[in-house]
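Colleague: Fold the following and give me the result.
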Amino acid sequence: MRILIISHMYPNSMKPLSGIFVQKQAEALARQGLAISLIAPVPYAPLCLRHSARWGGYRLIPPKTTHAGFTVYHPRVVELPRNLLFEYAPQFYAAPINPLVLAEAAKGIDLIHAHVAHPDGAVAVKLGQRLGVPVVVTIHGQDFAYTLQRSKACAASVRHTLKMAARVILVSEKLKTQYDVAAWADDLAKYRVIYNGVNLADVAHAADSAGAEAGVSPAQPRVILSVGFLRPPKGHAVVLQALANLVGEFPTLLYRIVGDGEERARLEQLAQTLGVQEHVEFLGSLPHAQAMQAMSKCEIFALPSWHEAFGVVYLEAMAHAKPIIGTLGEGIAEILARADVGIAVPPRDPQALTRALRQMLQAPAEAKAQGVRGCELVQREFTWEYNASRTIETYREVLGDLKGEQRGTSLGS
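Modeller: This is a model prediction of the structure:
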């Protein structure tokens, strides 16, 4: 089976952690014997921006690389600041992507898999129609949480793309229920919920890991960890407010933050204002392996994020046997509702988060047991191998449907 993947979220040297879930899934599909090729567009950066910290590095990304045995193409596409003219992104993407897809089609491809409906999926379904190749689209949350609400044109693009796709994969049940897919989807029968996964080989084993027992030692820091881009919806400010409520009771409490972004200066100032700056470490953006090392050394993983379809980072924390704190109504809450592996709190609620953290800090043995249950759950149901097997089942359904249609057409003629 030859699969062409299209995803502008695929990681690159400018954004090494962006869309890492697309990369991990592609690797797992390749390990299971599929022939994968991947088109990962990057912004076009003219020569005049070669010294720009934000744009210049894109010029250094090679147009074609090889990763894990498959080819990755990086065509240059027009992207405007602040997503201006985002409704026209499929047209901007089509010109550089189309020749690459046609070249791959000449080698023979069975199916196109696009990640997000707009713009990647919109380009994919047009090419699929042109080539007679079925298209699967995965929705990670951005299309529903952002693109549907951006403009009428963007919403129309998302809905048309999902109508034309042979199958639509959602990364959580939340995406089906919260955004009322049943009210506007053309055919709910073609929707599949397939959770993201983790690569168990990425789990770090730190010799000095600060497990739940570490809380017993009065000198040992009791580490709360967040990993994620520093943006308001990630909830780092909520953790800082909860931290201020707890440091008097737990004087060795330490909040480590892995990630960088627009919120960093404001969060640093908030820590100063709350008087907890000595209890906070901003570690910045780390390579994935180092982020996993930091995760292995924490006692509690807390990311009270909203607008989160289903963050892989929660699964990574569970794989490290850490109890997790997520947010009610978000993708991870589905797991917390059926498995006692952590606590879900209301969004933007420092007091609720304070209570959840206090509960774990006061009962470290139970918190550790939650972490162990989480690790066992991930090993059973949330690996990339499991994700890939479910995804391959979906591909086979689509290709089986196509063969059935072709037989029907042949008999009808």
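
Colleague: got the CA coordinates for stretch 359-366 in CSV?
Modeller: Backbone C-alpha positions of stretch 359-366 (Å, rounded to 0.1, in the frame of the first residue of the first chain) are rendered in CSV as follows:
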residue,chain,number,x,y,z
GLN,A,359,-4.9,16.2,46.6
MET,A,360,-2.0,14.7,44.7
LEU,A,361,0.7,16.3,46.9
GLN,A,362,-1.0,15.2,50.1
ALA,A,363,-1.4,11.6,48.9
PRO,A,364,1.7,10.8,46.9
ALA,A,365,1.2,7.1,47.0
GLU,A,366,-2.2,7.4,45.4
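
Colleague: tell me the phi and psi of Tyr191?
Modeller: The main-chain torsion angles of Tyr191 are listed as degrees, to the nearest 10 and equal phi -90, psi 140.

Colleague: give me every residue that touches it.
Modeller: Taking C-beta atoms under 8 Å, 6 or more residues apart in numbering as the contact definition, Tyr191 lies against 167-170, 176, 181, 185. Yep, even glycine has a C-beta here, placed from its N, CA and C like the rest.

Colleague: Now neighbour count, pLDDT and distance to Ala204 too, for these, in a markdown table please.
Modeller: Supplementary listing: these in a markdown table, determined by neighbours: other C-beta atoms under 10 Å; pLDDT from 0 to 100; distance: C-beta to C-beta, whole Å:
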| residue | neighbour count | pLDDT | distance to Ala204 |
| --- | --- | --- | --- |
| Arg167 | 23 | 97 | 35 |
| Val168 | 26 | 96 | 34 |
| Ile169 | 22 | 96 | 29 |
| Leu170 | 24 | 94 | 30 |
| Lys176 | 18 | 80 | 34 |
| Val181 | 17 | 78 | 37 |
| Ala185 | 17 | 76 | 40 |
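
Colleague: between those residues, which is closest to Leu243?
Modeller: Within these, the smallest distance to Leu243 is 34.0 Å, found for Leu170 (C-beta to C-beta).

Colleague: Go ahead and measure how far the helix or strand of the chain with the lowest mean pLDDT is from the middle of the chain.
Modeller: For the chain, counting by mean pLDDT, DSSP states H and E, helix 142 ranks last in confidence among helices and strands (a mean of 77). Here helix 142 is found 10 Å from its chain centre; the criterion is C-alpha atoms, centre = their mean, to the nearest Å.

Colleague: Which residues does that helix contact?
Modeller: Val116.

Colleague: From the contact counts, what lies against the helix or strand following it?
Modeller: Elements were assigned by DSSP states H and E; along the chain past helix 142, the next helix or strand is helix 148-150. With contacts defined as 3 or more C-beta pairs under 8 Å, 6 or more residues apart in numbering; DSSP states H and E, the packing partners of helix 148-150 are helix 152-164.

Colleague: Give the rounded mean pLDDT of the helix it packs on.
Modeller: Helix 152-164 shows a mean pLDDT of 94.

Colleague: Residues touching it, excluding its own?
Modeller: Contacts of helix 152-164 (C-beta under 8 Å, 6+ apart): 86-87, 90, 117-119, 121-122, 124-125, 128-129, 135, 137, 139, 143-144, 147-149, 168, 184-186.
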